[in-house]
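Chemist: Next comes the sequence, and after it the predicted model I'd like to discuss.
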Amino acid sequence: MKQGGMLAMILAGGRGSRLHELTDKVAKPAVSYGGKYRIVDFPLSNCANSGIDIVGVLTQYESVLLNSYVAAGSRWGLDSDDSGVFVLTPREKADSGLDVYRGTADAISQNIDFIDQYNPDYLLVLSGDHIYKMNYDKMLQAHIEQGANATIAVRPVPMKEASRFGIMNTNDDGDIVEFEEKPAHPKSNLASMGIYIFTWKDLRKLLISDMKNPDSDHDFGKNIIPTMLAENKKLIAYRFEGYWKDVGTIDSLWEANMDLLDKKNELDLSDASWRIYSEDSSALPAYIGPDAEIDRIYVTQGSVIYGTAKNSVLSTGSFIMEGAKVIDSVLMPDAKVEEGATVTRAIVASGVKIGKGAVVGSADSENILLVSKNVKGVE
């Protein structure tokens with residue numbers, strides 16, 4: 001790491017319970033997205049593209065697959081002698097006897113020794129479960145130029161949705177003067193994106209103090225940021241206007257996939273100037289049969305279509321047989337829709353098979369259906 005540089009820590013230990021069965025066996029950041037990616041590819045690729053060469057990934061829940069995945073730093077070009085992706089697991093015991101991170105700030109506190117060995121001037125703390133492209137170096141320059149103790153990335157959201165987020169209230173200079181966690185009556189629409197840059201020496205002192213406080217939740221939003229404001233530290237809001245999606249629910253994960261069908265989508269995964277790196281696939285090119293019917297689909301390497309696919313995202317190894325229809329849906333890797341089956345407004349989980357003639361989902365459904373187990377076909 002460059003002298004006086006910035007080290008990144010990605011918080012990837014959340015269970016993601018609102019994704020239901022998708023996170024029964026894998027951590028939320030390891031969930032598939034966009035045909036061939038995993039959610040954690042986005043913060044890791046952003047770090048690589050931003051010139052950050054030391055990244056700690058803090059895992060906890062169902063972490064076996066995630067640990068092995070992120071440990072291969074070569075996927076993001078972070079595997080040289082002076083760079084790397086490091087998997088960091090908790091050491092503190094909960095009442096259950098299991099090792100846990102007690103909160104977002106505690107996750108960093110338990111790894112102070114790891115951070116100190118690199119002696120960074122700045123620490124970047126990231127959520128591992130959001131989909132977006134962002135240059136963290138530009139955010140760091142704003143932090144340095146304004147002499148901030150902490151810089152928090154914010155994104156304007158519709159005022160009617162503001163109560164779902166941590167809201168940053170600022171003065172005319174863009175300094176944060178108040179933080180409200182999911183307020184019933186928000187004063188602004190600047191939502192925290194869960195992306196923080198701290199001057200490390202300032203944060204380190206606060207973390208050590210917070211560790212000793214038995215009444216603390218050991219959380220950035222509930223404890224660290226309010227303490228910094230109470231001590232009149234300089235906190236600034238860094239406004240981000242690009243694509244950003246919190247994929248915490250089945251509906252939002254489906255929406256993020258559907259966004260890829262929009263030719264004007266700001267995410268633009270084909271942009272060679274800001275690549276999103278992922279696991280290399282040895283699959284053959286996608287195959288579309290001579291009688292297949294397709295319209296507005298996002299097709300990934302290894303997909304096979306003999307039937308009908310409309311307004312859908314088809315992941316690596318997915319298969320649509322003759323007479324089958326996939327409409328307004330997402331097929332995750334290796335999902336298979338057999339002859340005559342119909343899938344509508346659904347996410348079909350990895351490796352799941354929809355049997356012959358089966359019908360799942362509905363065009364009139366209010367919410368997206370998650371199909372996480374094989375569906376038996378019509379006899």
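Modeler: On my side now, so go ahead.

Chemist: doesn't Tyr122 make contact with Phe198?
Modeler: Yes - using CB atoms under 8 Å, Phe198 is in contact with Tyr122, at 6.9 Å. Quick note: C-beta positions are derived from backbone N, CA and C, even for glycine.

Chemist: Of the two, which one has the most company?
Modeler: Phe198 (28 against 20; other CB atoms under 10 Å).

Chemist: helices or strands up against the helix or strand hosting the more buried one?
Modeler: Here Phe198 sits within strand 190-199, counting by DSSP states H and E. Applying 3 or more CB pairs under 8 Å, 6 or more residues apart in numbering; DSSP states H and E, we find strand 190-199 packed against strand 122-127, strand 130-132, helix 136-145, strand 150-156, strand 166-170.

Chemist: between the ones you listed, which gets nearest to Ser282?
Modeler: With CB to CB as the criterion, Ser282 lies closest to strand 130-132 of the helices and strands packed on strand 190-199, at 25.0 Å.

Chemist: Which parts of the stretch 251-379 of the chain are helices?
Modeler: Shown for the stretch 251-379 of the chain, no helices are assigned by DSSP state H, counting those that start in this stretch.

Chemist: Where does pLDDT dip in it?
Modeler: Low-confidence regions of the stretch 251-379 of the chain, defined here as pLDDT under 70, cover residues 379.

Chemist: Over to the stretch 51-200 of the chain?
Modeler: 62-63, 73, 81, 92-98.

Chemist: Just give me the neighbour total for the nearest residue to Ala292 once chain neighbours are set aside.
Modeler: Nearest non-adjacent residue to Ala292, counting by CB to CB, 6 or more residues apart in numbering: Ile305, 4.6 Å away. Counted with other CB under 10 Å, residues neighbouring Ile305 total 25.

Chemist: Quick check: Ile305 touching Ile294?
Modeler: Yes - Ile305 lies in contact with Ile294 (CB under 8 Å); the separation is 6.3 Å.

Chemist: Check the contact lists of those two and give me the overlap.
Modeler: Common contacts of Ile305 and Ile294 (CB atoms under 8 Å, 6 or more residues apart in numbering): Ile288.

Chemist: thinking again about what came up before, and the helices and strands packed on strand 190-199: which comes nearest Val177?
Modeler: Using CB to CB, these put strand 166-170 closest to Val177, at 5.8 Å.

Chemist: Determine the angle, from 0 to 180 degrees, between that closest one and strand 190-199.
Modeler: 80 degrees (axes from the mean of the first three to the mean of the last three CA atoms, to 10 degrees).

Chemist: Kindly export strand 166-170 (C-alpha atoms) in PDB.
Modeler: C-alpha atoms of strand 166-170 as PDB (Å, rounded to 0.1, in the frame of the first residue of the first chain):
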ATOM      1  CA  GLY A 166     -30.300   6.700   7.600                       C
ATOM      2  CA  ILE A 167     -30.700  10.400   6.700                       C
ATOM      3  CA  MET A 168     -27.900  13.000   6.800                       C
ATOM      4  CA  ASN A 169     -29.000  16.600   7.400                       C
ATOM      5  CA  THR A 170     -26.500  19.100   6.100                       C
END
